[in-house]
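1. Curious how this folds, go ahead:
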Amino acid sequence: MTRMTRLMAALVVLCLAWTPAGAQAPASTVVLSTTTSTQDSGLLDVLIPLFEKQTGLTVKPVSVGTGQALALAARGEADVALVHAPSLEKKYVADGKLLNRRLVMYNDFIVIGPEDDPAKIRGEKRAAAAFAKIAAAGARFVSRGDKSGTHILEQALWKESRATPAAPWYIESGQGMGATLGIADDRRAYTLTDRGTYLAFSKRLALKPLVEGDKALFNVYSVMEVNPANGSRVNAAGGKAFAEFMLAPATQAVIKTFGVDKFGQPLFVPIAGKKDEDL
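-> Okay, here's the model as predicted:
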């Protein structure tokens with residue numbers, strides 16, 4: 001066999017074995033579009049290996065703000081979404097971009113700030129009232145400013161407070177929750193954070209929880225499958241498998257105890273099977 005003949009034979013074998021990347025990768029890879037809080041809290045570091053071991057699939061998490069996470073899914077650039085902005089999620093479901101929205105877990109948001117509390121918000125029952133005091137005092141506040149679920153809630157609280165956040169005391173980080181906590185700590189500023197990420201970073205922070213317990217600070221996470229009509233690369237089977245995994249009793253049991261050994265309390269409360277009206 002001549003060198004040219006061997007080369008042609010090799011090319012034929014490659015052509016027969018080759019399948020488009022867009023068709024092959026989704027069969028073994030699940031793209032998870034999620035929020036920075038699930039990543040920064042460490043929860044995904046525990047759950048993803050469990051899912052991969054059970055299914056043989058590989059998960060590629062894309063951790064961004066909820067607004068970006070939902071937009072990625074709507075463009076067919078993800079297979080499943082795990083996020084926390086109920087009003088926005090329901091719009092995507094109504095538009096048919098996302099399917100089968102189901103509740104997974106919840107924690108809550110807290111307003112944190114420096115120990116000396118220059119705006120005197122400690123113990124406020126309503127987060128919006130605390131925001132009004134921060135604005136009146138011109139005390140530094142760091143916002144994520146990234147259209148995330150946290151940012152969406154923050155904007156709603158500013159609206160309820162009837163105060164208008166503005167420079168120089170209002171600072172937008174444009175980053176995820178972990179990075180925003182670091183900036184707020186450096187600036188000795190107030191910020192709004194989910195409790196899970198705060199606890200995960202608490203040993204590095206001087207900032208303290210000052211306002212908590214307001215019903216407006218309730219933080220619910222949902223999982224949704226991506227409509228395969230959103231794009232040819234959507235791995236609908238893989239996305240469904242991950243969604244079912246998040247709701248499975250064994251996974252919910254892991255969520256229930258996650259954080260207890262390290263922080264003395266769970267970072268999330270599992271709620272699979274419940275509806276919005278149950279909460």
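
2. Point to the helix or strand of the protein where mean pLDDT is at its lowest.
-> When each helix and strand of the chain is scored by mean pLDDT, DSSP states H and E, helix 3-17 comes last, with a mean of 36.

3. so how many other residues sit close to the closest residue to residue 236 other than its chain neighbours?
-> For residue 236, ignoring the flanking residues on the chain, the nearest one in space by C-beta to C-beta, 6 or more residues apart in numbering is residue 228 at 4.3 Å. Heads up, the C-betas are built off the backbone N, CA and C, glycines and all. Counted with other C-beta atoms under 10 Å, residues neighbouring residue 228 total 17.

4. Quick check: residue 228 vs residue 94, distance?
-> 18 Å (C-beta to C-beta, to the nearest Å).

5. Now that residue 152 has come up, it's in contact with residue 68, right?
-> No - counting by C-beta atoms under 8 Å, residue 152 does not reach residue 68; the two are 11.8 Å apart.

6. Let me know how buried residue 195 is, in neighbour terms.
-> Neighbourhood size, residue 195 [other C-beta under 10 Å]: 24.

7. Could I get the phi/psi values of residue 194?
-> Backbone torsions of residue 194, given as degrees, to the nearest 10, read phi -70, psi 150.

8. Am I right that it is in contact with residue 220?
-> No - with contacts counted by C-beta under 8 Å, residue 194 stays clear of residue 220, the gap being 11.0 Å.

9. Identify the contacts common to those two.
-> Shared contacts of residue 194 and residue 220 (C-beta atoms under 8 Å, 6 or more residues apart in numbering): residue 84.

10. Looking at the two, which is more packed in?
-> Set residue 194 next to residue 220 and count neighbours by other C-beta under 10 Å: residue 194 wins out with 29 against 21.

11. Leaving out the residues flanking it, which one is nearest to the more buried one?
-> Nearest residue to residue 194 in three dimensions, chain neighbours excluded: residue 37, at 4.8 Å (C-beta to C-beta, 6+ apart).

12. OK, contacts around the one you found?
-> By C-beta under 8 Å, 6+ apart, the contact list for residue 37 reads 84, 150, 177, 194, 196, 197.

13. In helices only, show me these.
-> If you go by DSSP state H, those have 150, 177, 196, 197 in helices.

14. Out of these, flag the one nearest to residue 256.
-> residue 196 (13.2 Å; C-beta to C-beta).

15. The closest one and residue 107 touch, don't they?
-> Yes - at 5.0 Å, residue 196 and residue 107 qualify as touching, with contact defined as C-beta under 8 Å.

16. Could you check the pLDDT of the residue nearest to residue 43 when sequence neighbours are not counted?
-> Of all residues not flanking residue 43 in the chain, residue 258 sits nearest, at 5.9 Å (C-beta to C-beta, 6+ apart). Residue 258 is assigned a predicted lDDT (pLDDT) of 96.

17. Could you report the neighbour count for residue 258?
-> Residues lying near residue 258 (other C-beta under 10 Å) number 21.

18. Double-check residue 133 against residue 122; I have them as touching.
-> No - at 10.2 Å, residue 133 does not count as touching residue 122 under the criterion of C-beta under 8 Å.

19. Compare those two and say which is more crowded by neighbours.
-> A count of neighbours by other C-beta under 10 Å puts residue 133 above the other of residue 133 and residue 122, at 20 against 14.

20. The helix or strand hosting the more buried one packs against which elements?
-> Following DSSP states H and E, one finds residue 133 within helix 127-137. Here helix 127-137 touches strand 98-113, helix 149-161, strand 208-211, going by 3 or more C-beta pairs under 8 Å, 6 or more residues apart in numbering; DSSP states H and E.
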